[in-house]
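# From the sequence below, what's the structure:
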Amino acid sequence: MLGIWKRSVAIALGLGLAIFCTPIWAAPPVAQPGALNYVEGQVSIGNQPVTSRAVGSAILNTGDVLSTGNGRAELLLTPGVFMRLGKNSAVRMESPELTNTRVELLQGEATVEADVLHPEDRILIVERGATTQLTKQGVYDFNSDLQVVRVYEGRAVVTQGDQHVDLNKDRQVALNQPLKSRKFDRDAVENSDPLYAWSKLRSEYLADATASTAQTYLVDGGSWSGAGWYWNPYWAMYSFIPGDGFFYNPFGFGLYSPLYAGYYGGHFYGGHGFYGRGYARGSITRSAPLAMRSGGGFARMGGGFGGGGFHGGGGGHR
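Model prediction:
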């Protein structure tokens, strides 16, 4: 506990210095379904290699293929939903519409972290001819090489031809045989799957970035306008900020809105369990979905930019 407290204090102090020593309202890139939010190693869109300089400004349009070699990548889908690609993997954007987001896994493995899903969201992942619709906040895994769909947390409906199956927490389905929900050894998979471990780490970083972004609004003001994606120049990526409260994401890390932080005196680190360490699996059930219902959409940090929809960004890091 002492180690966590020391790390929390160090990060808080670092963020405080960054806030007061760095220009706040850097021109952010564009945010919409298919926006690239993180890159490491060998990553390409079509035949064009991309690097971290393309984060936020590179967008997958209809038909575009994102692929990895010895690398990983993270995409924004709808607000609060992230797709992450493992090594030697590829996805094609079938539809980047906000209410009809459809992505096909062509090879390799991808996970999806859904921190919030609205009734209007329709997120579909295609793999090996099967279509999976996400119906609840959670963590999902799609593995084209193993031909399986897994649900770590949440609920999904998998359809293949005239067959369909409902998948709940800790269940999977094999796509190379008649569809049937089966329990899988979650601990064994978590401990052996590098993409799951990387996704959990990315989720923690995103929670840290959300706290940093919310703290910036609390300390420096700006046109914060409700739930949505907000560009954080210090972390060089988009983070998701809740509308008016606090909740735990499916990995157990806490997400705060500026209103919640302001109510509690801006204490993002320590005292409120921000990092979520020690929370049991299934902490998504302790979430506060009402906090997400005010607003929603893509926004950007900076004066004069409202929320509740898509907003154009600067040229990014090209």
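# For Tyr38, give me its contacts.
Shown in contact with Tyr38 (C-beta atoms under 8 Å, 6 or more residues apart in numbering): 52, 55, 72-74, 202, 237. Every residue, glycine included, has its C-beta placed from N, CA and C.
# What residues of the strand or helix carrying it count as buried?
Using DSSP states H and E, Tyr38 falls within strand 36-45. The neighbour-count check on strand 36-45 (16 or more other C-beta atoms under 10 Å) flags 36-39, 42-45 as buried.
# among those, which two are most distant?
Distances among the buried residues of strand 36-45 were taken as C-beta to C-beta; the most separated pair is Asn37 and Gln42, at 17.3 Å.
# Turn the buried residues of strand 36-45 into a markdown table, columns for distance to Gly161 and pLDDT.
Formatted as a markdown table, the buried residues of strand 36-45 follow (distance: C-beta to C-beta, whole Å; pLDDT from 0 to 100):
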| residue | distance to Gly161 | pLDDT |
| --- | --- | --- |
| Leu36 | 33 | 95 |
| Asn37 | 34 | 95 |
| Tyr38 | 35 | 96 |
| Val39 | 36 | 96 |
| Gln42 | 35 | 98 |
| Val43 | 33 | 98 |
| Ser44 | 32 | 97 |
| Ile45 | 31 | 97 |
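# now, among those, which is nearest to Glu113?
For the buried residues of strand 36-45, the closest approach to Glu113 (C-beta to C-beta) belongs to Asn37, at 11.5 Å.
# Please name the bridge partners of the nearest residue to the closest one once chain neighbours are set aside.
Once flanking residues are discounted, Asn37 sits nearest to Glu74: 4.6 Å by C-beta to C-beta, 6 or more residues apart in numbering. Following DSSP bridges, Glu74 is listed with bridge partners Tyr38, Arg84.
# mind starting the numbering at 46 from now?
With 46 as the first residue, the last one maps to Glu119.
# which residues sit in contact with Glu119?
By C-beta under 8 Å, 6+ apart, the neighbours of Glu119 are 81-84, 127-130, 247.
# try 10 Å this time
By C-beta atoms under 10 Å, 6 or more residues apart in numbering, Glu119 lies in contact with 80-85, 88, 100, 127-130, 156, 158, 243-244, 247, 251, 282-283.
# Now restrict these to buried residues only.
80-84, 88, 100, 127-130, 156, 158, 243-244, 247, 251, 282-283.
# For burial, what's the neighbour tally of Ala233?
9 (other C-beta atoms under 10 Å).
# With Asn115 instead?
Count around Asn115 with other C-beta under 10 Å applied: 10.
# hmm, back to that, now the element after the strand holding Tyr83, going C-ward?
Assigned by DSSP H and E, the successor of strand 81-90 is strand 93-95.
# In that following strand, which residues are buried?
Using 16+ other C-beta under 10 Å as the test for burial, strand 93-95 gives Val95.
# strands paired with that strand, and their directions?
Strand pairing for strand 93-95, using DSSP bridges, gives strand 81-90 (antiparallel).
# measure the residue nearest to Val161 when sequence neighbours are not counted to Pro164 for me?
Nearest non-adjacent residue to Val161, counting by C-beta to C-beta, 6+ apart: Gly125, 3.6 Å away. Distance from Gly125 to Pro164, counting by C-beta to C-beta, to the nearest Å: 14 Å.
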